[in-house]
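*Asks:* Got a sequence here, can you build the structure:
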Amino acid sequence: MTDRKMAMSIQCALISQIKMLQLLFCLSYFVILSSAVSRENFKTCEQSGFCKRNRAMQPGQSPYIALVDSLQVQANSLNIQLLNKNNNVRLKLEVFGLQDNMFRVKINELSPIKERYEIPVGDSLIEEPKLHNINLSQKDKDKVVFTMDSNKVVMSVEPFRMDIYSNEDPVISINAQGLMKFEHYRKKEEAPPAENEEEKPEGEEKKEEENAAETKTEEEPDMWEETFKTFTDSKPHGPSSVGIDVSFPGFEDVYGIPEHADTMALKTTKTTDPYRLFNLDVFEYELYNPMALYGAVPLMYAHNEMRTVGIFWHNAAETWIDISSNTADKSVFSHIADFVKGNNEIPQTDTHWFSESGVIDIFILLGPTPSNVFKQYARLTGTTPLPPLYSIAYHQCRWNYNDQDDVKSVDANFDKYDLPYDVIWLDIEHTDGKKYFTWAHEKFPHPEEMIKNLSVKGRKLVTIVDPHLKREDGYSVYTDARDKGYLVKNKDGNDYDGWCWPGSSSWPDFTNAEVREWWTGKFSLSEYKGSTPDLIVWNDMNEPSVFNGPEITFHKDVKHMNGFENRDLHNIYGLYVHQATMEGLLRRSGGKERSFVLTRAFFAGSQRHSAVWTGDNIGEWSHLKVSIPMVLSLNLAGITFSGADVGGFFKNPEHELITRWYQTGVFYPFLRAHAHLDTKRREPYLLPEEHMNIIREALRLRYSLLPYWYTLFYQAEQDGLPIFRPLWVDYPKNKEVFRMDDQFLLGSSILAKPITDQGTTNTNVYFPGRHDIWYDIETYEVYDGGVTKNVAAPLDKIPVYQKGGSIIPRKLRPRRSSSLMYQDPFTLIVCLDQQGSAKGELYLDDYHTFQYRNGEYLLREFTFNNNNLSSKNIDPTGQFNTREWIEKIIIVGYPKNPLNISIKNFSGENSKRLDHKYNSEEKSLTIRKPGVNIADVWTITIE
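*Replies:* Presented below is the predicted three-dimensional model:
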């Protein structure tokens, strides 16, 4: 054999081995996917150096003091130096008064040897927050006091702490426990030579010994290098963590900091790890523990009967939060002892926040009401833009629909069995070798034709576009990014090479605005061959997921733009991915059409760009149950457009479970069924007829309520209020509901308690509001507020109720998709309160473009008082022509059969008599065919 042939033979053998390794690696990942979460793949606090160091801090030993002589005061801010007495490092503290009843507290190194990462304005924050004047009222050697409106901040000098008062009541304290820790950047000191040292004077030698002792107390294992399993984190800049404690005096209950598969009300972490925020690919995640999941919003609310406050920790690095409570941490025996002794200890929740790098940047939200804090957070990070109507309808997904014929068959069967849906999804198998923006042409030879066949029915197609790019010379997206220098680098400055679905992969550096602009262009019709304006996008695996990386993600020392490491900004990477994706879809239509993106990874501000789902859940009853508090927590944190995979991604749920999951899922703001590659097909039409019929009715309920959903999304864009909300939001003084997370409100007018336990045919429903009444939406049975009732809930029944005093517009004609409902008539459901009154709103526009931002919309208010039902425009800046009209009005809780019903237009002319029907058992009055346009001003009089 010649040398050349031998070399070629060796090369072929090596290529064969590499392909085998790729296959084995991917197979091993599939094996992992088929079993429960592998806890050993993810760090505990004990395995995280900075978490251990911060958690080891002892209360009452703070080394930080405020240097009063350095105080500088401006009209709306002040800054002062803090000194760490243990190492003489100085920090800069800045406090800003903000509009809308907020403060901002920032702490950074006074003279860092290297720039510390701060999230650029416009990425998480929508803009630089608007400032508000503050007034210095006291300054002496012990404290500095300043005020803003009815708020007061008392800064203690030694040790440093800040106490914030609202109307003279203490509401938030910072560093009250003295747990602040700010690890300054430093250079690693080399060990001194052991030999030939000159003898030093006794005094100098003693001083060096003291300095060495001080350094020794600061230097701990894992500060300059850290190992987890087989991975070594080089930590070239040394320790850099920041942490501080935040206390909520007078508060027992805190909420937020998604994402965790846990209860809505956060628990004490006295006997567990802290809650962790670090975006990770955690499949088949465990329930009711503080492990990190796919997204992170470092936002926490505290609520009691008197007020609601919050803090936003503006830091994108890995973060842990410890929670303790002087009430929750007590044993049962301690509670009994307190009761016997009559102990009225004021409750307090203490939290301890620490991040691996960055700065301390805390926004203080002072409420004082739930709606106030939601609006305050929305002023900082934005709201969810009004989505197109199709996106809040039903989505049908599976990994994977096999080919064009499979898509055609699924679409046809939904029509055959009268099951509405709007969007069908394609997972990774639709691509050519897991190369995104491509098609597997043997399976999808004519993608544009396939999409057109869906769009003629008003339907859309979603394709998955993940951020990892296959490292293949013939793949233009990868080679273009490589050649432009757009890829994330490893610690040595070379393109980072990790493993994901395609095998060897690289990742664009989305932290770079130029890279995001490049990615945006990839969604143009000329770049994304086979796409059409009716193709929309799903960003998965964008934590990012790296199969052979530490904790299945990037190494922390990989490099991004400006030399920052992934440790500095890990949690915001996924936001940049879906931000660029959404921008690409919007530009595709020249900014005319609203679009849709779904993301798995998210951060504060993601709500401006994308919907979110709760990731790779399991088809088990426990995962159905936990989906409600998970989606509630997302909504509280501003991620309103969110939901969980209906049916569970893994495993094969039994028919009862899948049916109950649809009955729950139709109330998620984002409604999608999804399933793993290895599960049995479970489209609704494949289920037994009984279950299919029940699911059909659940989906029709969702579609009939789309006008209400659409109105809620419009209101959420305006004020940031959650759509899918816990009861305490609307009933803030009712302590019974503060931890209730198995039932919820949609807006303020619908109460739901879906069944989430196997075999359950009745359930206890708490009806809030001592002076409210609630009506079953099907039977119109009446329930008084302020009590718990046991209600029947057979398999075909969802316990769902409309609030007395509300008016909800619905569209009751069954259609195949939401776009076919655009011109359908409305039915107004008027549920009277105890005073015989009701009120409701309806928002409408063209349902798909941005013309509503140019004033092309209607916002109507319906009011029922003194036997008169009237309609008027409550936003004169909006004008819109529509053919939609009112077909029927149902007034529930009406006491008797009227003699006459007539309708008049705005001028009082053209009065006409209307037909009606009265049901004395239901106490419901149905008014037939008022026949007026939804945009008209009119009054119906009942005599």
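*Asks:* So Glu183 is in contact with Trp224, correct?
*Replies:* No: using C-beta atoms under 8 Å, Glu183 is not in contact with Trp224; the gap is 11.6 Å. For glycine as for every other residue, the C-beta is placed from the backbone atoms N, C-alpha and C.
*Asks:* CA atoms of the helix or strand containing Arg587 as CSV?
*Replies:* Taking DSSP states H and E as the definition, Arg587 sits inside helix 573-588. Extracted C-alpha coordinates of helix 573-588, given in CSV (Å, rounded to 0.1, in the frame of the first residue of the first chain):
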residue,chain,number,x,y,z
TYR,A,573,-28.6,35.0,25.9
GLY,A,574,-32.0,33.4,25.1
LEU,A,575,-33.7,36.8,25.1
TYR,A,576,-31.4,38.1,22.4
VAL,A,577,-32.2,35.0,20.2
HIS,A,578,-36.0,35.5,20.2
GLN,A,579,-35.6,39.3,20.0
ALA,A,580,-33.7,38.9,16.7
THR,A,581,-36.1,36.3,15.5
MET,A,582,-39.2,38.4,16.1
GLU,A,583,-37.5,41.4,14.5
GLY,A,584,-36.8,39.2,11.4
LEU,A,585,-40.5,38.2,11.1
LEU,A,586,-41.7,41.8,11.5
ARG,A,587,-39.3,43.1,8.9
ARG,A,588,-40.5,40.3,6.5
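*Asks:* which residues are in contact with the helix or strand following that helix?
*Replies:* Using DSSP H and E, the helix or strand that follows helix 573-588 towards the C-terminus is strand 597-599. For strand 597-599, contacts defined as C-beta atoms under 8 Å, 6 or more residues apart in numbering pick out 462, 536-539, 542, 574, 577-578, 581-582, 585, 606, 609-613, 670, 672.
*Asks:* Mind checking which of those residues are buried?
*Replies:* By neighbour count, with 16 or more other C-beta atoms under 10 Å, the contacts of strand 597-599 hold 462, 536-539, 542, 574, 577-578, 581-582, 585, 606, 609-613, 670, 672 as buried.
*Asks:* Sitting in helices, which of the residues you listed do you find?
*Replies:* 574, 577-578, 581-582, 585 (DSSP state H).
*Asks:* Tell me the one of those nearest Leu287?
*Replies:* Gly574 (22.7 Å; C-beta to C-beta).
*Asks:* That closest one contacts Ser545, doesn't it?
*Replies:* No: judged on C-beta under 8 Å, Gly574 makes no contact with Ser545 at a distance of 10.1 Å.
*Asks:* Can you pull the poorly scored residue ranges out of this structure?
*Replies:* 1-36, 191-218, 328-344, 907-909 (pLDDT under 70).
*Asks:* that older thread, quick one: the helix holding Arg587 to chain centroid distance?
*Replies:* 17 Å (C-alpha atoms, centre = their mean, to the nearest Å).
*Asks:* likewise stretch 678-698?
*Replies:* Counting by C-alpha atoms, centre = their mean, stretch 678-698 comes out at 29 Å from the chain centroid.
*Asks:* next one: stretch 593-606
*Replies:* So, by C-alpha atoms, centre = their mean, the centroid of stretch 593-606 is 9 Å from its chain's centroid.
*Asks:* can you offset everything so residue one is 44?
*Replies:* Noted, 44 is the first residue going forward, which turns the last one into stretch 636-649.
*Asks:* so how far is the first residue of it from its last?
*Replies:* Criterion C-alpha to C-alpha, to the nearest Å; first-to-last residue distance in stretch 636-649 is 20 Å.
*Asks:* what comes up buried for it?
*Replies:* 637-649.
*Asks:* what's the closest of those to Gln758?
*Replies:* For the buried residues of stretch 636-649, the nearest to Gln758 is Arg637 (16.7 Å; C-beta to C-beta).
*Asks:* hang on, that closest one packs against Pro431?
*Replies:* Yes: Arg637 lies in contact with Pro431 (C-beta under 8 Å); the separation is 4.4 Å.
*Asks:* Report the set of residues contacting both of the two.
*Replies:* Joint contacts of Arg637 and Pro431 (C-beta under 8 Å, 6+ apart) are His891.
*Asks:* Return the backbone torsion pair for Met493.
*Replies:* phi -60, psi -50 (degrees, to the nearest 10).
*Asks:* Which one of Glu226 and Trp267 is surrounded by more residues?
*Replies:* Glu226 (21 against 17; other C-beta atoms under 10 Å).
*Asks:* Please name the nearest non-neighbouring residue to that one.
*Replies:* Of all residues not flanking Glu226 in the chain, Pro282 sits nearest, at 4.2 Å (C-beta to C-beta, 6 or more residues apart in numbering).
*Asks:* Compute the distance between Gln439 and Arg745, please.
*Replies:* 13 Å (C-beta to C-beta, to the nearest Å).
*Asks:* All set, thanks.
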